[in-house]
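1. what follows is a protein structure lacking sequence information:
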């Protein structure tokens, strides 16, 4: 093999490697919007919109206990429900509040992710308004009360007597630098130690 053919072979290999690197970068860059569209189309991970409630007829013959829980995942805040437990009638529109405090000397943005116990209860717990629909940016030392307006679907089975609503707040990396006010921009950011 001559010196010229070795150079040509190396140049061809370098070109191929550069094309592969650019393609991998492009794929990684487009993965987040692609994932968001798949979730939107299939209805998966649909926590950023209010639920649709068709029947709000109150069933005064039944009571469901709602237990409220709060968790933080590597976020320098304090976060708690103002009430830890309430009793509601299915079909009754209710509001509860959570309080969050930024204990740092810098703005921090977080995103709350809800979970339910028992797991099947989520299909009967309809959120009409929730702080979990948008990222929350708190300024240093800021205290905020955030409401959750909900209704328990009257179609919930009779054996569903207790629903645990638990929120976990995750820090959104880089989002506090992008915003100066309460609600961060709508573009997707990466959650630290969480799913995005």
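-> Ah, there it is. This is a predicted model, so every value here is computed, not measured. Residues are numbered from 1 along each chain as shown.
2. next secondary structure after the longest helix along the chain?
-> Criterion DSSP state H: the longest helix present in the chain is helix 3-42. Note on helix 3-42: by DSSP states H and E, the next helix or strand toward the C-terminus is strand 64-73.
3. following the chain onward from that following strand, which element is next?
-> With elements assigned by DSSP H and E, the helix or strand that comes after strand 64-73 is strand 77-81.
4. next secondary structure after that next one?
-> Using DSSP H and E, the next helix or strand after strand 77-81 towards the C-terminus is strand 85-88.
5. and that next one, which strands flank it?
-> Here strand 85-88 has these sheet partners by DSSP bridges: strand 64-73 (antiparallel).
6. so the strand it pairs with versus strand 77-81, what angle?
-> Angle, strand 64-73 to strand 77-81, by axes from the mean of the first three to the mean of the last three C-alpha atoms, to 10 degrees: 180 degrees.
7. hang on, the earlier thing: pLDDT of the longest helix of the chain, averaged?
-> Average pLDDT, helix 3-42: 84.
8. list the buried residues for stretch 152-164?
-> When burial is assessed from 16 or more other C-beta atoms under 10 Å, stretch 152-164 yields the following buried residues: 152, 153, 154, 156, 160, 163, 164. Glycine gets a C-beta too; all of them are placed from N, C-alpha and C.
9. closest to residue 16 among those?
-> Here the nearest of those to residue 16, counting by C-beta to C-beta, is residue 164; it sits at 54.5 Å.
10. correct me, but that closest one touches residue 65?
-> No - in this structure residue 164 lies outside contact range of residue 65 using C-beta atoms under 8 Å: 9.2 Å.
11. which residue is nearest the centroid of the protein?
-> With distances taken as C-alpha atoms, centre = their mean, the residue of the chain nearest its centroid is residue 113 (3.9 Å).
12. okay, that one and residue 168: tell me how far apart.
-> For residue 113, the distance to residue 168 equals 5 Å [C-beta to C-beta, to the nearest Å].
13. next one: residue 151
-> Applying C-beta to C-beta, the value for residue 151 to residue 168 is 23 Å.
14. quick one on the thing from earlier: what do residue 164 and residue 65 both touch?
-> Common contact partners of residue 164 and residue 65 (C-beta atoms under 8 Å, 6 or more residues apart in numbering): none.
15. quick check: bridge partners of the nearest residue to residue 115 once chain neighbours are set aside?
-> Of all residues beyond its chain neighbours, the one nearest residue 115 is residue 166 (4.9 Å), with distances taken as C-beta to C-beta, 6 or more residues apart in numbering. Beta-bridge pairing for residue 166 (DSSP bridges): residue 69, residue 115.
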